[in-house]
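Participant: How does the following fold in three dimensions:
(4 chains)
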Number of protein chains: 4
Amino acid sequence: MFVVMAVTATEAEINAVKSHILSEGMTPFDHQGAERVVIAVVGEVGPRKQHLMSKLSALAGVEAVTPISRPFKLTSREFHPEDTVVRVLGATIGDGSLTVMAGPCSVESREQLFETADFVAAHGATVLRGGAFKPRTSPYTFQGLGVEALRYLAEARERTGLPVITEVMEPNQVDIVQEYADILQVGTRNMQNYSLLTAVGRVARPVMLKRGYGATVEEWLMAAEYIVSSGNPNVILCERGIRTFETYTRNTMDLAAVPLLHHLTHLPVVVDPSHATGKRWLVKPMALAGVAAGADGVMVEVHPRPDEALSDGEQSLTLAEFESMMSAVGPIHGHVRDLHGDPVLAAQALEVGVGEKH
Amino acid sequence: MFVVMAVTATEAEINAVKSHILSEGMTPFDHQGAERVVIAVVGEVGPRKQHLMSKLSALAGVEAVTPISRPFKLTSREFHPEDTVVRVLGATIGDGSLTVMAGPCSVESREQLFETADFVAAHGATVLRGGAFKPRTSPYTFQGLGVEALRYLAEARERTGLPVITEVMEPNQVDIVQEYADILQVGTRNMQNYSLLTAVGRVARPVMLKRGYGATVEEWLMAAEYIVSSGNPNVILCERGIRTFETYTRNTMDLAAVPLLHHLTHLPVVVDPSHATGKRWLVKPMALAGVAAGADGVMVEVHPRPDEALSDGEQSLTLAEFESMMSAVGPIHGHVRDLHGDPVLAAQALEVGVGEKH
Amino acid sequence: MFVVMAVTATEAEINAVKSHILSEGMTPFDHQGAERVVIAVVGEVGPRKQHLMSKLSALAGVEAVTPISRPFKLTSREFHPEDTVVRVLGATIGDGSLTVMAGPCSVESREQLFETADFVAAHGATVLRGGAFKPRTSPYTFQGLGVEALRYLAEARERTGLPVITEVMEPNQVDIVQEYADILQVGTRNMQNYSLLTAVGRVARPVMLKRGYGATVEEWLMAAEYIVSSGNPNVILCERGIRTFETYTRNTMDLAAVPLLHHLTHLPVVVDPSHATGKRWLVKPMALAGVAAGADGVMVEVHPRPDEALSDGEQSLTLAEFESMMSAVGPIHGHVRDLHGDPVLAAQALEVGVGEKH
Amino acid sequence: MFVVMAVTATEAEINAVKSHILSEGMTPFDHQGAERVVIAVVGEVGPRKQHLMSKLSALAGVEAVTPISRPFKLTSREFHPEDTVVRVLGATIGDGSLTVMAGPCSVESREQLFETADFVAAHGATVLRGGAFKPRTSPYTFQGLGVEALRYLAEARERTGLPVITEVMEPNQVDIVQEYADILQVGTRNMQNYSLLTAVGRVARPVMLKRGYGATVEEWLMAAEYIVSSGNPNVILCERGIRTFETYTRNTMDLAAVPLLHHLTHLPVVVDPSHATGKRWLVKPMALAGVAAGADGVMVEVHPRPDEALSDGEQSLTLAEFESMMSAVGPIHGHVRDLHGDPVLAAQALEVGVGEKH
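Facilitator: Now for the predicted structure:
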């Protein structure tokens, strides 16, 4: 449930409400909005719900106590109506600008990384991506250069000025990865690795959480809730395709998730057409589609010579293709930027049912 | 297999090739391209493939005989490299212009239809949609006004000048529907109703074939192949969402199918965000995304008072929402129109494999 | 809603209730159970629900009026608690005995059919299957022998004494198929071909309705509802696998649907491991699993020389494999026959929720 | 690729082959079969494949070098034709006996665990299950008693003599869990948590690997390959349902995976009908179906008072329901035990293609 404080509520009143919540065995999370403070009450309320609501309603400075049925709380628009804007080095994500995360699937060598980084930086990328620790389906394929790759990424940040994003695969890697990288990525296979979610929830770096390829939007937001409730509010969501019966494409890109998430949550949303399609020549049209649907950014794999790539070559853009995509995506973003309306108002439309499914 | 005739081949040579194909128990389909004629050989070749290829190669005027592994032939880019353009009344579909099919889910009354038709015509729709025979999951819900609705649709065409599209549900309805409507729609539940596909393949009206909600892109093209091989080349494909485990939206809109189809086939592709999402407030962003992905058009449900609609009210746009969508979608279309490149060249990229699926 | 009549209700009272229902614009369907009559009220009740319930409750002979939220009515256990038993020639389906439908995918010749029919009849099959009209994904592959095949099937019935089941693909074929066959099959691609469902709902032959490969259990029961509400109570359901992301097997066999259906509906349930798996060597274990889950029968494809089959050879059992399956499946059936408990009582368990989905 | 050694090969010859493999930068894994040794060569062979095959073929004692296209090696039947039998305390899994893993979803208290453990032990369970660390979709629900639960489980083992299985969620928990538990479980959300797979691959306890709810059979075997190639050959696979569009059940139980796995791999296969269905009353029929399909065992959740359970109550069997399931499942197992044939021979059938998918 949420406790909506009055505009005139004092700090002492706010603290008294939080103390009461703690005394009931629940945890308070407060959000200072433009006008007023909202306090989320999290924990298992169960049968004490009515009791708790009436107790809280009676406290000084409380304007309303509203139950919410959604299982995600801190990541919901109801709790935090304004968009979350993630700021890292010079980049801002979620403020209406277009974020472009680009770079190689795997960092394969210093030269390959620098060649790619210099190019994408010169052509409009705002974040540099590159895999150091690689989650691979087979134990017998290239697993990434590890710490060596992290060092190259840090050097590439110095050259280009771009913040660096890379994947972290287990709690024990969090310390070393955050030492070198600016944004930590949790991959699709680890979306419900709760130990990892909690670990990245305790660091001071933003986290990009990719959707599990078999996960619903609700489960994805619950996974984000693990990170935010552990203390890290700077979470970016990344749609990268889900599993379906269609086999022409590697996955099925669920673009309706983009406007849906903008209604359900305040967190920024990025799309990854490289993993979603698995085919280089589908990346550009799907990047355009993602931006048109309202995504805050795109993440794409770029390689100077995709045919020689140690991983994901068939879905990596060449340098020329990246340039071509960039020249197309900018104007689309400029056009839709103000189109998607007020997400707070739109959120009120959410309760419309589904009806006959066919 | 395809027989590619020489640029200099005479009509007599072309006819001789076709006669030979018939004499082998197969059926020839010829396509007159810009420069030369290509003849598709369809039927079950089986073990006689090598024999047939060498026989045909030896005929006068034949430049090459190429085997193709795709199961769809007449609908493939290889057979027919240029885009198919469907022309009906004043509308053209697939020529680079933006097609907008709009109207009520069901025709409920003369007044409801005319109010909607006048509005969408005045705000840029190019085709008027409206259901007369409705396929409903339950036998106990509104099944459409039938022939009465067809008459209203024909009247609405007179008022607005827009061609009319409506669904035909069984072979026996084809005659009456084509008497009133300009484009026949085959719905998602009937995508593999082969009797119906063959029946609409024999009429002189264009057909819009919706994707089966459980069908792959390949099966969809095979269904289109039934129509084209029955004699009707004017087929429009409509992506309307597929079944997945995600439950927030009615279906999952597979937008990657749009650029994929532009590579695989010469037929125009339209997207239907109303059925794909099932939620009115997701229609506009997904219409934008579809157009950005390269769709030749969008189909949307519009109702003056969605809350009173007899079917699909929760996904129908109001008149004002339709106007808002139209003002947004035009500029996006103007921008991407020339972006998606040369589909014939792009088709060569098709054979790239899929690699590790995750 | 259902009107439960008192045990002592007279025929006049029952008729008065039905008349009242008609006068309200709804349709009554009555079911004479062991003790009492239940009348289902079907049609769009909408806002008049409370009014209608109180009116009906007040009529003489009415014990109770119960609303039901399920969209399927006549096919539900609530309306018809006892199992439906389908009787056709000497076969009974749904009475606790084991139904085995076996035969070739397609009838290819008189000899092929008779060789198969004689063998399966001698080894325990209770129904002979064979395709005459074949729904094929490609228009260029073998489409069945049509009426010629129907004649052979009728001859095979004379030889073996087994009732014959074959697929009907469109309303126009219903007359000719029912002339020769004993059970009409509606295939997976036509599960929501409502014209066909209505047409087979009007004949005197039992109908086997295969599940659409992309359809939910609820939609499947709604499709059965079309047949039953058109006047044909003898419907058999056949689970044949659904579409998923798994690609090793042709489809994913949803065996939980078997006990689920026994709870939701009174109609018999058969499983088809041939289409569900697409691999001959998986048919026997999945037939055993289906029977163990409580299926009323199995349907399998059998061919004397599968490698020469014109369709579905890779999933057809050889004669020897059929014999092997039969010797295994009988004892399993004998063991589980009395295990699955009282479906009427079990139906009460249905309302248990689903909880956290993972 | 696999190096098949001659029956007469000496240990020195075997070692020479392994040394050569190492010198080429690959890793040898040898399996001592009944008659001969087979050595798997793992690593990225790439373009050196032909070179390597001819080199190895020329070594003394080598009978044949066979390429294999499957991505899983050590877990494949080709490498290890005999069934793997896992032995732990008095239990054996995979030897043809019926394994029954039963116990509460979560260990909630000493009393709850002991009451359940005593009952299931007395009624035929062979392994005791109970969750100590619980992966929960929401951060706000019961997360398990942790180490306290591990202690209770160890006590319950003393009381009942049954080996204990419990889930481990992260590499850091492996040490403490293996101190108390006899079998480590990797849950569905962690199936591709490669750090965890590698960590459990290094301990001396058997590991049960649940299928990821969005994972294909091939990916599942690749995940098992991580464990086995890290040094732990005692892996048990557990089918627990996959994500599909069907919503009546929590997941769709893919029972065809059972015979499929018996062909592809030598590892034992257990089914979990509790998580697969999410409904208590579907557990028994699906347990029967799983055993009939050839599963080596079943895992079920049991709770003395499911309505009071802190997790998964709606899918937990009562004590009486467990007893009922046990009395039914034994005879089915007795019947099918010898039915499923010789998996080594059957494996040869594997290469049959899939054909037209519908």
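Participant: Going by C-alpha atoms from here, please, whenever you check contacts or count neighbours.
Facilitator: Fine.
Participant: I'd guess A:A64 is in a strand, am I close?
Facilitator: Yes. Applying DSSP: H, G, I helix; E, B strand; the rest coil, one finds A:A64 inside a strand.
Participant: Please name the nearest non-neighbouring residue to A:D30.
Facilitator: Nearest in space to A:D30, with sequence neighbours left out and distances taken as Cα to Cα, 6 or more residues apart in numbering or on different chains, is A:I39 at 4.2 Å.
Participant: element containing that neighbour, please.
Facilitator: Assigned by DSSP states H and E, A:I39 belongs to strand A:37-42.
Participant: Could you pull up the mean pLDDT of that strand?
Facilitator: The average pLDDT for strand A:37-42 rounds to 89.
Participant: quick one: that strand to strand A:62-66, angle?
Facilitator: Using axes from the mean of the first three to the mean of the last three Cα atoms, to 10 degrees, the inter-axis angle of strand A:37-42 relative to strand A:62-66 is 40 degrees.
Participant: from memory A:P71 sits against D:P139, does it?
Facilitator: No. In this structure, A:P71 is not within contact of D:P139 by Cα atoms under 8 Å, at 9.7 Å.
Participant: And the two? Which one has more around it.
Facilitator: Between A:P71 and D:P139, counted using other Cα atoms under 10 Å in any protein chain shown, D:P139 has the larger neighbour count: 23 against 18.
Participant: isn't the more buried one right up against A:Y226?
Facilitator: Yes. The pair D:P139 and A:Y226 qualifies as a contact (Cα under 8 Å) at a distance of 5.6 Å.
Participant: for stretch A:73-85, which positions count as buried?
Facilitator: A:73-85 (16 or more other Cα atoms under 10 Å in any protein chain shown).
Participant: pLDDT below threshold where in chain A?
Facilitator: Across chain A, the ranges flagged by pLDDT under 70 are A:340-358.
Participant: Which single residue of chain A ends up nearest chain C?
Facilitator: A:F245 (4.4 Å; Cα to the nearest Cα).
Participant: SS state for that residue?
Facilitator: Taking three-state DSSP, the label given to A:F245 is coil.
Participant: thinking again about what came up before, common neighbours of A:P71 and D:P139, please.
Facilitator: Shared contacts of A:P71 and D:P139 (Cα atoms under 8 Å, 6 or more residues apart in numbering or on different chains): A:M222.
Participant: The strand or helix carrying A:A287 near chain B at all?
Facilitator: For A:A287, the host element (DSSP H and E) is helix A:280-292. Yes. Helix A:280-292 lies within reach of chain B by Cα under 8 Å from any Cα of the partner chain, at A:W281, A:L282, A:P285, A:M286, A:L288, A:A289, A:G290, A:V291, A:A292.
Participant: Would you format these as JSON lines with neighbour count included?
Facilitator: Output for those, formatted as JSON lines (neighbours: other Cα atoms under 10 Å in any protein chain shown):
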{"residue": "A:W281", "neighbour count": "23"}
{"residue": "A:L282", "neighbour count": "23"}
{"residue": "A:P285", "neighbour count": "27"}
{"residue": "A:M286", "neighbour count": "29"}
{"residue": "A:L288", "neighbour count": "30"}
{"residue": "A:A289", "neighbour count": "29"}
{"residue": "A:G290", "neighbour count": "37"}
{"residue": "A:V291", "neighbour count": "29"}
{"residue": "A:A292", "neighbour count": "32"}
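Participant: okay, the residues you listed in a markdown table with distance to chain D next?
Facilitator: Shown next, in a markdown table, are the residues of helix A:280-292 next to chain B (distance: Cα to the nearest Cα, whole Å):
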| residue | distance to chain D |
| --- | --- |
| A:W281 | 25 |
| A:L282 | 24 |
| A:P285 | 27 |
| A:M286 | 23 |
| A:L288 | 28 |
| A:A289 | 25 |
| A:G290 | 24 |
| A:V291 | 27 |
| A:A292 | 27 |
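Participant: So the residue with the largest distance to the centre of chain A versus A:P67, what's the distance?
Facilitator: What lies farthest from the middle of chain A is A:A58; by Cα atoms, centre = their mean that is 37.5 Å. With the distance defined as Cα to Cα, to the nearest Å, A:A58 ends up 15 Å from A:P67.
Participant: Next: A:L319.
Facilitator: Where A:P67 is concerned, A:L319 sits at a distance of 51 Å (Cα to Cα).
Participant: Quickly run through the sheet partners of the helix or strand harbouring A:T166, with directions.
Facilitator: Following DSSP H and E, one finds A:T166 within strand A:164-167. When sheet partners are counted by DSSP bridges, strand A:164-167 sits next to strand A:127-129 (parallel), strand A:183-186 (parallel).
Participant: And chain A, what are its domain boundaries?
Facilitator: Residue ranges for each domain of chain A read A:2-66, A:86-336, as given by automatic domain parsing.
Participant: and among those, the most buried is which?
Facilitator: domain A:86-336 (a mean of 23; mean count of other Cα atoms under 10 Å in any protein chain shown).
Participant: Would you mind listing what in the stretch 151-300 of chain A touches chain D?
Facilitator: Residues of the stretch 151-300 of chain A lying close to chain D (Cα under 8 Å from any Cα) are A:169-170, A:189-190, A:192-195, A:213-215, A:219, A:222-223, A:225-226, A:229, A:243.
Participant: from those, which are also near chain C?
Facilitator: Checking those against chain C (Cα under 8 Å from any Cα), the matches are A:R243.
Participant: Could you list which of the residues of the stretch 151-300 of chain A next to chain D belong to helices?
Facilitator: When those are checked against helices (DSSP state H), the matches are A:Y194, A:S195, A:E219, A:M222, A:A223, A:E225, A:Y226, A:S229.
Participant: Looking at the stretch 251-358 of chain A, what residue ends up closest to chain B?
Facilitator: Closest contact between the stretch 251-358 of chain A and chain B, by Cα to the nearest Cα, is at A:A289 (4.2 Å).
Participant: Show the contacting residues for that residue.
Facilitator: Applying Cα under 8 Å, 6+ apart, the residues near A:A289 are A:L255, B:L255, B:L288, B:A289, B:G290, B:V291, B:A292, B:A293.
Participant: farthest-separated two in those?
Facilitator: Farthest apart among the contacts of A:A289 by Cα to Cα are A:L255 and B:V291. That separation is 12.9 Å.
Participant: Over to stretch A:292-299 now: how far is its first residue from its last?
Facilitator: 15 Å.
Participant: contact partners of it?
Facilitator: A:93-94, A:96-102, A:255-256, A:258-259, A:268-274, A:287, A:290-291, A:332-333, A:336-337, A:340, B:285-286, B:288-289, B:292.
Participant: Among these, which lie within helices?
Facilitator: A:258-259, A:273-274, A:287, A:290-291, A:332-333, A:336, B:285-286, B:288-289, B:292.
Participant: quick one: the closest residue to chain B within the stretch 1-150 of chain A and C:Q50, what's the gap?
Facilitator: The nearest approach of the stretch 1-150 of chain A to chain B comes at A:T137, 7.5 Å away (Cα to the nearest Cα). Computed as Cα to Cα, the A:T137 to C:Q50 distance reads 58 Å.
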